[in-house]
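Undergrad: turn this into a structure:
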Amino acid sequence: MPTAEKERLVAEVEQQAREAAGFYLLSFSGLSVSEMNALRGEALKAGARLQVVKNRLLRLALGEELSRALEAQLTGPTMIAYCATDPIGPAQALAKFASEHPGLALKAGYVEGKVLSAAEAAQVAALPPKPMILAEALGAVSAPLQGLVGVVSAALAELVYVMEAAIEKRQGAPAA
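TA: Numbering: from 1, shown residues only. Below is the predicted model of the structure:
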């Protein structure tokens, strides 16, 4: 590959990694062309983009500090999966595909500024989808507020009943 082409590839990988919500490194071997195409399709559906990159070029693109943290994983055939917005969905799709195809394995990840080991990346894959996590958090926050609204509404309703009873009592009393 000409030097200009390598420089372009390094710049592209650097930009993709910087703009992504996270990325995962995968090892792959023994996958057929149809399996690779199926993997790319599953990754796209989950919100990830796959790219096979030489480890030497990946080190240049990731920078010195991140490359040092991922040094042990930057060996053998490496594929990078860039997560567009949500790092959980792609991790789930990649882990599911890897469980069905032994030639694919999660090597590492980088999510929210933290380098993940293969085991930690698998834990991310075991999380529920991001919308479900947000819904559970919203439910946990809104439940006490709903209870408070119920208590205040009941108190106001009781006050209205007391005031109506007082008005009826006064209207029913003879004039002095």
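Undergrad: the spatially closest residue to M79 that is not a sequence neighbour: which element?
TA: Ranked by CB to CB, 6 or more residues apart in numbering and with sequence neighbours excluded, the top spatial neighbour of M79 is L26, at 4.5 Å. For glycine as for every other residue, the C-beta is placed from the backbone atoms N, C-alpha and C. Using DSSP states H and E, L26 falls within strand 22-28.
Undergrad: partner strands of that strand, parallel or antiparallel?
TA: Sheet pairing here is set by DSSP bridges, and for strand 22-28 it gives strand 78-83 (antiparallel), strand 104-111 (antiparallel).
Undergrad: for the helix or strand just after the last one, name the packing helices and strands.
TA: Once the chain leaves strand 104-111, the next helix or strand it forms, by DSSP H and E, is strand 114-117. If you count contacts as 3 or more CB pairs under 8 Å, 6 or more residues apart in numbering; DSSP states H and E, strand 114-117 packs onto strand 104-111.
Undergrad: try it again with 10 Å
TA: strand 22-28, helix 64-69, strand 104-111, helix 118-126 (3 or more CB pairs under 10 Å, 6 or more residues apart in numbering; DSSP states H and E).
Undergrad: what angle do the third one and helix 118-126 make?
TA: Spelled out, that is strand 104-111. 80 degrees (axes from the mean of the first three to the mean of the last three CA atoms, to 10 degrees).
Undergrad: now strand 104-111: average pLDDT?
TA: Averaging pLDDT along strand 104-111 gives 92.
Undergrad: show me the protein divided up by domain.
TA: Residue ranges for the domains of the chain, per automatic domain parsing: 3-127, 128-176.
Undergrad: biggest helix in the protein, by residue count?
TA: In the chain, with assignment by DSSP state H, the single longest helix is helix 130-172.
Undergrad: show me the shaky parts of this structure.
TA: For the chain, applying pLDDT under 70 flags the ranges 1-2, 129-130, 173-176.
Undergrad: on that earlier part again, return the most buried member of the domains of the chain.
TA: Highest mean neighbour count of the domains of the chain: domain 3-127, a mean of 17 (counted as mean count of other CB atoms under 10 Å).
Undergrad: what's the first-to-last distance across that one?
TA: End-to-end distance for domain 3-127, by CA to CA, to the nearest Å: 42 Å.
Undergrad: any idea how far that domain is from the middle of the chain?
TA: On the basis of CA atoms, centre = their mean, to the nearest Å, domain 3-127 is displaced by 14 Å from the centre of the chain it belongs to.
Undergrad: thought L127 was touching E136?
TA: No - counting by CB atoms under 10 Å, L127 does not reach E136; the two are 11.3 Å apart.
Undergrad: thank you kindly, that will do.
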